[in-house]
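>>> Just a sequence and a predicted model for now, questions to come.
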Amino acid sequence: MHKSLSLSAILLLAAAGVVHASSGVFMDAGWAAATCDAWNSNDTLTSELGSSGWAANGGDKGYKIMRVHRSDCGEQTATELHIALQDGRAMCKRGRDASDVELSSKVDYAMWAETTRWQEMGAGKYGAMKAMMTGRLKFSGPKGEAMSNMGPFGAFLRLVGEVDADASTCPAS
């Protein structure tokens, strides 16, 4: 068996969605932008979070911030997604480096875990409930709201693993 793939095989796999172009370093601004695009293609996230009222809870700024970082890289490397209700769907409007906007505990979310834990969650090795109950995923934000949206929350954790990126180095701060 050949260890390398022909160009035509790579193109076929890419067309089938098996090979994803790298978005840069895992949880950097490029990754956040690619994750934003992936969010908007995920029916569980857009539909369920749009119809449940989750996305409508955007506070005064009109959108939610989902801030994430790799705890072994430091909070200064955080990135964020801005999610807003649009035509009844929870749509990601922007993926970027974390802003200096203070998070609202009634609206916004911050999540952090070690790189290996993010990779495990992204691979579907365990779900959101186990991740939080075991302390593998740290979380702040409206806990009741999150608990009532566990399915989509789990879909977000799996989405983290679907965006191809290099986790061997930390994002620049």
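Now that the structure is in, tell me what you want to look at.

>>> residue boundaries of the strands in the protein?
Ranges of strands in the chain, per DSSP state E, are 64-70, 79-86, 89-97, 109-113, 138-140.

>>> could you pull out the helices for the chain?
Here the chain has its helices, by DSSP state H, at 7-15, 29-40, 43, 49-51, 115-122, 128-133, 143-147, 150-162.

>>> wait, what's in contact with the residue lying closest to V107 once chain neighbours are set aside?
Closest residue to V107 apart from its sequence neighbours, by Cβ to Cβ, 6 or more residues apart in numbering: G59 at 4.0 Å. Any C-beta I mention is one placed from the backbone N, CA and C, and that applies to glycine too. Applying Cβ atoms under 8 Å, 6 or more residues apart in numbering to G59 gives the contacts 104, 106-108.

>>> how about the strands of the chain in CSV, adding distance to P171?
CSV is the format used below for those (distance: least, Cβ to Cβ, whole Å):
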stretch, distance to P171
strand 64-70, 8
strand 79-86, 7
strand 89-97, 8
strand 109-113, 13
strand 138-140, 18
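
>>> Among the ones you listed, which comes closest to S41?
Closest to S41 of the strands of the chain is strand 89-97 (Cβ to Cβ; 9.8 Å).

>>> quick revisit: drop anything exposed from the contacts of G59.
104, 107-108 (16 or more other Cβ atoms under 10 Å).

>>> Count the residues that sit near the nearest residue to P171 once chain neighbours are set aside.
Setting aside the residues directly before and after it, P171 is nearest to D28 in space (Cβ to Cβ, 6+ apart), at 3.7 Å. Neighbour count for D28, taken as other Cβ atoms under 10 Å: 22.

>>> so how far is Y109 from D28?
Separation of D28 from Y109 (Cβ to Cβ, to the nearest Å) stands at 19 Å.

>>> just H82 next, same as before
12 Å.

>>> what do you get for G74?
For G74 relative to Y109 (Cβ to Cβ), the value is 19 Å.

>>> Over to A84?
14 Å.

>>> Those two: which is more packed in?
Y109 (24 against 18).

>>> confidence score at the more buried one?
Per-residue confidence at Y109 stands at 97 (pLDDT).

>>> Sweet, I'm off.
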